[in-house]
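K.L.:
Quick one: sequence plus predicted model below, questions after.
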Amino acid sequence: MRYLAIDHGEKRTGMAVGSDTTGIVSPIGVIVTTSDSERMRQIALAIAEHVIDEIVLGLPLNMDGSEGSAAQRVKGLKGFIEQRHGIPVRLMDERLTTFAADEQMAGKKLTRGRKKELRDALAAAAILRDFLELREKSNPTNPTDPK
């Protein structure tokens, strides 16, 4: 299966693609816009370009596990994408994925601006890696068989 991971933000939305067959996850970019319609247009392009079977959408939970307004917006986006594209959208806890992205960039000689450009795409890749690992742990004999 081919997956598109989305780290949704009001200004910056990171995306990554991956496969449960190969286990390879790659950041593919960041959508920089405050326009919902432009964000959806670019997500639709990524779905078509990468022949996506399923989407993994980062769910921004509070550190105590509760949901705030950002989580409610993401749940609305989930429904919209499922209805518009007819493909399943899974929610994945995204706590600490931005931290993981920052850790991945630590020690690299990147400018502050370049780190900002990469952070959300790397966070989307972390969301997808976490999802694939969790899926493998929950069904180690056949990770593509949904539970």
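P.N.:
Thanks, I have it.
K.L.:
Quick one: the helices in the protein, in order.
P.N.:
36-49, 69-85, 97-105, 112-138 (DSSP state H).
K.L.:
Among these, pick out the one with the most neighbours on average.
P.N.:
Sort the helices of the chain by mean neighbour count, taking mean count of other Cβ atoms under 10 Å, and helix 112-138 sits at the top with a mean of 19. Where you see a C-beta, it was placed from the backbone N, CA and C, and this is true even at glycine.
K.L.:
Give me the mean pLDDT for that one.
P.N.:
Averaged over helix 112-138, pLDDT sits at 85.
K.L.:
repeat for stretch 51-69
P.N.:
When the per-residue pLDDT values of stretch 51-69 are averaged, the result is 91.
K.L.:
Do I have it right that Leu57 meets Ile6?
P.N.:
Yes: taking contacts as Cβ atoms under 8 Å, Leu57 lies within contact range of Ile6: 5.1 Å.
K.L.:
ok, these two, which is more surrounded?
P.N.:
For Leu57 versus Ile6, the count of surrounding residues by other Cβ atoms under 10 Å is larger for Ile6: 28 against 24.
K.L.:
beta partners for the more buried one?
P.N.:
Counting by DSSP bridges, Ile6 is bridged to Met15, Leu57.
K.L.:
tell me the pLDDT at it?
P.N.:
In this prediction Ile6 is given a pLDDT of 96.
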